[in-house]
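*Asks:* the following block contains a protein sequence and its predicted model.
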Amino acid sequence: MFDLIIRNANLPDGRKGLDIGVSSGKIAAIAKSIAVAAGEEIDAAGRLVSPPFCDPHFHMDATLSLGLPRMNVSGTLLEGIALWGELRPLLTKEALVERALRYCDLAVTQGLLYIRSHVDTSDPRLVTAEALLEVKEKVAPYIELQLVAFPQDGYYRAPDGVSSLDRALDMGIGIVGGIPHFERTMEDGARSVEALCRIAADRGLPVDMHCDETDDPMSRHIETLAAQTVRFGLQGRVAGSHLTSMHSMDNYYVSKLIPLMAEAEINVIPNPLINIMLQGRHDSYPKRRGMTRVRELMAAGLNVSFGHDCVMDPWYSMGSGDMLEVGHMAIHVAQMAGIDDKRRIFDAITVNSAKTMGLEGYGLDVGCKADLIVLQAADVTEALRLKPNRLFVIKAGKVVARTAPRVGELFLAGRPASIDTGRDYVPPVLQR
Ligand SMILES: [Zn+2]
């Protein structure tokens with residue numbers, strides 16, 4: 001009847017104690033108690049079962065390159081870009097593929113099975129594009145990898161920016177990127193937004209731009225991006241990544257901007273770990289947080305999803321491929337600590353990201369792909385608090401990764417011999 005049944009699962013929406021039946025790689029039943037047996041059974045034992053994590057903003061050509069050719073001394077975004085410029089001519093396809101595949105191994109153990117990666121097209125050799133197109137094919141059985149042609153050094157500012165981006169799209173990269181705030185002038189930035197949206201419309205591709213990743217409140221390329229989105233009929237297919245300048249903008253201006261973004265159905269992708277690390281660097285005290293206005297954008301009905309952005313690369317020396325760490329940081333930086341807030345944050349690293357990425361068959365409904373993760377936590381709140389082990393990671397109904405539960409052993413007279421750091425420490429009022 002079923003190839004796999006997961007018993008006694010709690011779902012992200014709060015439903016508890018359900019069995020999930022899987023057949024032919026799809027979810028075939030979700031019920032209180034499935035009476036038949038299956039080829040394989042997993043006892044979730046009242047733990048959270050979720051669709052996998054989706055990272056809508058990453059740089060797989062740079063990941064795990066920390067220290068090559070040197071460390072980022074100031075820790076700033078601009079030194080990171082300069083450092084990447086030093087490393088880029090030294091990149092080989094083989095090394096890029098090897099690093100990306102290793103990151104994907106890590107991602108799978110973390111239950112991260114959908115990734116959108118920007119691919120730097122500034123170097124006309126385009127080894128980055130060649131390498132990541134190969135990786136995309138190699139990991140396709142377990143990770144859906146989307147690629148964005150990203151003119152890191154500027155579409156107009158880099159000598160071969162325009163032609164390299166075109167060639168990367170011709171090679172099969174399927175999303176148009178941009179970086180308007182890094183062009184030489186505001187005018188060049190606005191022109192780049194228009195040109196890139198036109199390319200997307202002509203080629204029938206989505207757009208995902210690094211947009212306004214700065215503390216400058218006058219960096220308003222998101223306004224142009226929203227307007228060009230409507231002009232070219234790209235509503236719902238355009239993402240604005242970072243949008244950190246919105247943190248510093250005048251409130252009156254934002255009250256006009258957000259409805260414009262809603263009209264264009266812009267997908268908003270803040271990157272909380274990187275934003276809190278890299279923004280506000282020119283401030284003394286008080287220091288701005290530099291993350292965009294998550295609560296306000298969500299309240300206006302915009303689709304907000306969080307990206308990891310970087311793991312151990314020229315911009316960020318930390319990171320572990322864990323989208324719960326991203327959500328955990330988002331809760332703090334956006335100050336969203338209520339129960340409903342946490343559910344919204346969990347959505348931002350799962351269903352909202354899936355929407356940004358245009359994923360089909362993603363979710364926890366009958367008929368969806370049987371891509372599922374079992375976490376060592378009872379619900380989304382506990383998952384975001386503990387960043388617990390991913391006990392099982394399932395792709396198309398097959399277990400592709402497993403991690404043993406984390407249990408602490410104690411050697412203390414009169415105290416318990418072992419504890420589950422999650423369920424044994426929930427205050428009585430929250431006991432389930
Ligand atoms: Zn980025």
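*Replies:* Cool, got the structure.

*Asks:* the residue nearest in space to the middle of the chain and residue 194, how far apart?
*Replies:* For the chain, the residue nearest the mean C-alpha position is residue 55 (2.3 Å; CA atoms, centre = their mean). Separation of residue 55 from residue 194 (CB to CB, to the nearest Å) stands at 29 Å. No exception for glycine: its C-beta is placed from N, CA and C like everyone else's.

*Asks:* how about residue 362?
*Replies:* 32 Å.

*Asks:* what of residue 424?
*Replies:* 57 Å.

*Asks:* output stretch 296-306 as PDB, restricted to C-alpha atoms.
*Replies:* Extracted as PDB, the C-alpha positions of stretch 296-306 are listed here (Å, rounded to 0.1, in the frame of the first residue of the first chain):
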ATOM      1  CA  GLU A 296       5.900  45.600   8.200                       C
ATOM      2  CA  LEU A 297       6.500  43.800   4.800                       C
ATOM      3  CA  MET A 298       4.800  40.700   6.100                       C
ATOM      4  CA  ALA A 299       1.900  42.700   7.400                       C
ATOM      5  CA  ALA A 300       1.500  44.300   4.000                       C
ATOM      6  CA  GLY A 301       1.000  40.900   2.500                       C
ATOM      7  CA  LEU A 302       4.500  40.600   0.800                       C
ATOM      8  CA  ASN A 303       6.100  37.200   0.500                       C
ATOM      9  CA  VAL A 304       9.100  37.300   2.800                       C
ATOM     10  CA  SER A 305      11.600  34.500   2.800                       C
ATOM     11  CA  PHE A 306      15.100  34.400   4.400                       C
END
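
*Asks:* which residues are contacting that stretch?
*Replies:* 54, 56, 254, 258-259, 261-262, 265-272, 294, 323, 326-327, 330, 344-345, 348-349, 352-353, 355-356 (CB atoms under 8 Å, 6 or more residues apart in numbering).

*Asks:* could you list which of those residues belong to helices?
*Replies:* 254, 258-259, 261-262, 272, 294, 323, 326-327, 330, 344-345, 348, 352-353, 355-356 (DSSP state H).

*Asks:* I'd say residue 10 and residue 16 touch.
*Replies:* Yes. Counting by CB atoms under 8 Å, residue 16 is a contact partner of residue 10 at 4.8 Å.

*Asks:* any shared contact partners between these two?
*Replies:* residue 46.

*Asks:* which of those two has more neighbours?
*Replies:* residue 10 (24 against 14; other CB atoms under 10 Å).

*Asks:* how near is the more buried one to residue 75?
*Replies:* Residue 10 is 40 Å from residue 75, by CB to CB.
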